[in-house]
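In: would you be able to build a 3D model of this:
(chains A and B)
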Protein chains: 2
Amino acid sequence: MKAQPSAEYELYYWPSIQGRGELIRLAFEAAGVAYLDVARSPEAKGGGAKAIRAMLEPDGAGEGPPPFAPPILKHGPLVLAQTANILFYLGPRLGLVPDDEPSRLRANQVQLTIADFISEAHDTHHPIASGLYYDEQKPESLRRSEQFLAHRAPKFLGCFERVLEHNSAAAGQHAIGPALSYVDLSLFQAVSGMRYAFPVAMARLEKKTPLLVALHDRVAALPRVAAYLGSPRRIPFNEHGLFRHYPELDK
Amino acid sequence: MKAQPSAEYELYYWPSIQGRGELIRLAFEAAGVAYLDVARSPEAKGGGAKAIRAMLEPDGAGEGPPPFAPPILKHGPLVLAQTANILFYLGPRLGLVPDDEPSRLRANQVQLTIADFISEAHDTHHPIASGLYYDEQKPESLRRSEQFLAHRAPKFLGCFERVLEHNSAAAGQHAIGPALSYVDLSLFQAVSGMRYAFPVAMARLEKKTPLLVALHDRVAALPRVAAYLGSPRRIPFNEHGLFRHYPELDK
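Out: Down below sits the predicted model:
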């Protein structure tokens, strides 16, 4: 779905990376619902990083609390930050979560676990500070990556595998309920990111998570998702985002 | 409120630390609602770490997805993990958040930002791996703490200060809406933890966040919270939890 100036949903996120914003882009794209990816328009047209900075001002969120960081969603008068929070709001509106309270809470539980996982994946290349360059924290990155790949990644991926196994409503096909949810889309992104960042380790790790790999492949093949992934709207992975490929970290 | 075997709410969290579970304990205590802090009973009586491990089994959460880690809440057939998710569920039930959807989402936004902050505070003493001892990552901890105290802590605390400033319904008195919410309780805990872990740096940092400090003091003085803090139910801060006092990290 092409971003349209008339879209009722506005996403504010860095225009040059997938990052956490990608979990929200994927939801809109998979649902086929129009959204404006505001910062990808030029500054002269109200876009760019300038548009994000305006949302971070004390009054940028209108009545809502000032956001700490993007992604930020604007929908009418409502301005929301925090990826999992935005997806919690969008889920029922995009038809990407069952409507009952227990299902929504369960989706949120897994989504927050994905958030923890991608934060730890990020910290493999920024273990000391997000404000320093990778080159300024390389020995620490080597140590952290080794630990992450040996202990944390298998634990998180194993948990996601069990979530798929356990969802009796969909017998390994979906994380929550009987159909595609935003959690499935975020699991797709987590696997994609891990494959980009750690191709060697991930080839080994994913042998133990066949349901997760199958989910990744099914999501990638969904017509709207496939169209998105093949379009210029999908920003390629790169070494400015959450998942970065530094071969020396991939053992 | 004393934990009672008949309580309808069961909290599963490590019995020897405040950690993330404390944000949930504080909500029950401030609301005056009975809860069973399951793992603080002896193993022979169904408590201890054994009770937590049982919840982490593939079928431990009943119909819900297997949790990644505690805290875990059991309420009737519903089993939920992830601190912010548990508080989202409990908020309206404990009278600790306004009932309308925008307020609940705004509370969740700030709560998730608090979660990010306390994760970063934790990583000051575990920048390489949560599975290694502090002594095995001390040089890295020194570097990370310096960056955290110089850049991240002021940014987070400044954001919380602006949240209080901006909430026109309570003019600096509360984070969300016109009355006490679980977000206020978690902000209290964040300030308490920072004061414990980094007394030197925090004395400097909190000069710039007078509303946050005033909120901390008001929360601490609430009769139910004060009674809790003075009781043996409040586990003291220690060097096994999220917030740890290592003087060498506190510059």
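In: do you know the pLDDT at residue A:59?
Out: pLDDT recorded at residue A:59 is 83.
In: does it count as helix, strand or coil?
Out: Following DSSP: H, G, I helix; E, B strand; the rest coil, the label given to residue A:59 is coil.
In: ok, it touching residue B:166?
Out: Yes - using Cβ atoms under 8 Å, residue A:59 is in contact with residue B:166, at 7.4 Å. (C-beta placed from N, C-alpha, C; glycine too.)
In: common neighbours of these two, please.
Out: Here residue A:59 and residue B:166 have residue A:66 as joint contacts, going by Cβ atoms under 8 Å, 6 or more residues apart in numbering or on different chains.
In: more neighbours, the two?
Out: Ranked by neighbour count (other Cβ atoms under 10 Å in any protein chain shown), residue A:59 and residue B:166 place residue B:166 first, with 18 against 11.
In: partner strands of the helix or strand where residue A:11 lies, with direction?
Out: Assigned by DSSP states H and E, residue A:11 falls within strand A:9-12. Paired neighbours of strand A:9-12 in the sheet (DSSP bridges): strand A:35-37 (parallel), strand A:72-75 (antiparallel).
In: convert it to CSV, retaining C-alpha atoms only.
Out: Extracted in CSV, the C-alpha atoms of strand A:9-12 (Å, rounded to 0.1, in the frame of the first residue of the first chain):
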residue,chain,number,x,y,z
TYR,A,9,-2.4,7.3,10.1
GLU,A,10,0.9,9.1,10.4
LEU,A,11,4.1,7.3,11.4
TYR,A,12,7.1,9.2,12.6
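In: show me what the least confident helix or strand in chain A by mean pLDDT is packed against.
Out: When the helices and strands of chain A are scored by mean pLDDT, DSSP states H and E, helix A:48-55 comes last with a mean of 95. For helix A:48-55, the packing partners by 3 or more Cβ pairs under 8 Å, 6 or more residues apart in numbering or on different chains; DSSP states H and E come out as strand A:9-12, strand A:72-75.
In: give the contact list for the closest residue to residue A:185 other than its chain neighbours.
Out: Sequence neighbours aside, residue A:26 is the residue nearest to residue A:185 in space, at 4.4 Å (criterion: Cβ to Cβ, 6 or more residues apart in numbering or on different chains). Residue A:26 makes contact with A:182, A:185-186, A:188-189, A:225, A:228, according to Cβ under 8 Å, 6+ apart.
In: where do the helices sit along the stretch 151-251 of chain A?
Out: Secondary structure of the stretch 151-251 of chain A (DSSP state H, counting those that start in this stretch): helices at A:153-166, A:182-197, A:199-205, A:210-221, A:223-229.
In: deepest-packed of those helices, please.
Out: helix A:182-197 (a mean of 24; mean count of other Cβ atoms under 10 Å in any protein chain shown).
In: could I get it in PDB with only the CA atoms?
Out: What follows is helix A:182-197, C-alpha atoms only, in PDB (Å, rounded to 0.1, in the frame of the first residue of the first chain):
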ATOM      1  CA  TYR A 182       1.100  -8.300  14.300                       C
ATOM      2  CA  VAL A 183       3.100 -10.600  16.500                       C
ATOM      3  CA  ASP A 184       3.700 -12.900  13.500                       C
ATOM      4  CA  LEU A 185       4.900 -10.000  11.500                       C
ATOM      5  CA  SER A 186       7.300  -8.900  14.300                       C
ATOM      6  CA  LEU A 187       8.600 -12.500  14.600                       C
ATOM      7  CA  PHE A 188       9.200 -12.400  10.800                       C
ATOM      8  CA  GLN A 189      11.200  -9.200  11.300                       C
ATOM      9  CA  ALA A 190      13.200 -10.700  14.200                       C
ATOM     10  CA  VAL A 191      14.200 -13.700  12.100                       C
ATOM     11  CA  SER A 192      15.000 -11.500   9.100                       C
ATOM     12  CA  GLY A 193      17.100  -9.200  11.200                       C
ATOM     13  CA  MET A 194      19.000 -12.100  12.800                       C
ATOM     14  CA  ARG A 195      19.700 -13.600   9.400                       C
ATOM     15  CA  TYR A 196      21.100 -10.300   8.200                       C
ATOM     16  CA  ALA A 197      23.200  -9.600  11.300                       C
END
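In: can I get the helices of the stretch 151-251 of chain A in JSON lines including distance to residue B:77 and mean pLDDT?
Out: Below are the helices of the stretch 151-251 of chain A laid out as JSON lines (distance: least, Cβ to Cβ, whole Å; pLDDT from 0 to 100):
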{"stretch": "helix A:153-166", "distance to residue B:77": "15", "mean pLDDT": "97"}
{"stretch": "helix A:182-197", "distance to residue B:77": "21", "mean pLDDT": "98"}
{"stretch": "helix A:199-205", "distance to residue B:77": "33", "mean pLDDT": "98"}
{"stretch": "helix A:210-221", "distance to residue B:77": "25", "mean pLDDT": "98"}
{"stretch": "helix A:223-229", "distance to residue B:77": "34", "mean pLDDT": "98"}
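In: wait, residue A:200 sits on residue A:251?
Out: Yes - between residue A:200 and residue A:251 there is a contact under Cβ under 8 Å: 6.9 Å.
In: unless I'm mixing things up, residue A:170 is touching residue A:183, no?
Out: No - using Cβ under 8 Å, residue A:170 is not in contact with residue A:183; the gap is 11.4 Å.
In: how close does residue A:198 sit to residue B:92?
Out: Between residue A:198 and residue B:92 the computed distance is 41 Å (Cβ to Cβ, to the nearest Å).
In: need the nearest residue in space to residue A:69, chain neighbours excluded.
Out: Nearest non-adjacent residue to residue A:69 (Cβ to Cβ, 6+ apart): residue A:81, at 7.1 Å.
In: contacting residues around the one you found?
Out: A:61, A:67-73, B:109, B:113.
In: longest helix of chain A?
Out: In chain A, taking DSSP state H as the definition, the longest helix is helix A:101-123.
In: that helix close to chain B?
Out: Yes - under the criterion of Cβ under 8 Å from any Cβ of the partner chain, chain B is reached by helix A:101-123 at A:102, A:105-106, A:108-110, A:112-113, A:116, A:119, A:123.
In: ranking these by neighbours, who comes first?
Out: Counting neighbours by other Cβ under 10 Å, residue A:110 comes out on top of the residues of helix A:101-123 next to chain B with 31 neighbours.
In: hmm, that residue is touching residue B:66, no?
Out: No - applying Cβ under 8 Å, one finds residue A:110 not in contact with residue B:66, separated by 9.6 Å.
In: intersection of neighbour lists for those two?
Out: residue A:163.
In: which of the contacts of residue A:81 lies closest to residue B:214?
Out: For those, the residue nearest residue B:214 by Cβ to Cβ is residue B:113; the value is 19.5 Å.
In: ok, back up a step: mean confidence score for the longest helix of chain A?
Out: Helix A:101-123 comes out at a mean pLDDT of 98.
In: output the contacting helices and strands for that helix.
Out: helix A:83-93, helix A:153-166, helix A:182-197, strand B:78-81, helix B:83-93, helix B:101-123.
In: now distance to residue A:16 too, for these, in CSV please.
Out: Output for these, formatted as CSV (distance: least, Cβ to Cβ, whole Å):
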stretch, distance to residue A:16
helix A:83-93, 18
helix A:153-166, 26
helix A:182-197, 16
strand B:78-81, 34
helix B:83-93, 29
helix B:101-123, 22
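In: ok, residue A:132 - contacts?
Out: Shown in contact with residue A:132 (Cβ under 8 Å, 6+ apart): A:126, B:147.
In: change it to 7 Å
Out: residue B:147 (Cβ atoms under 7 Å, 6 or more residues apart in numbering or on different chains).
In: which bits of chain A sit near chain B?
Out: A:58, A:64-66, A:68, A:78, A:80-82, A:84-85, A:89, A:102, A:105-106, A:108-110, A:112-113, A:127-129, A:131-132, A:140, A:143-144, A:147, A:151, A:159, A:162-163, A:166 (Cβ under 7 Å from any Cβ of the partner chain).
In: understood, closing this out.
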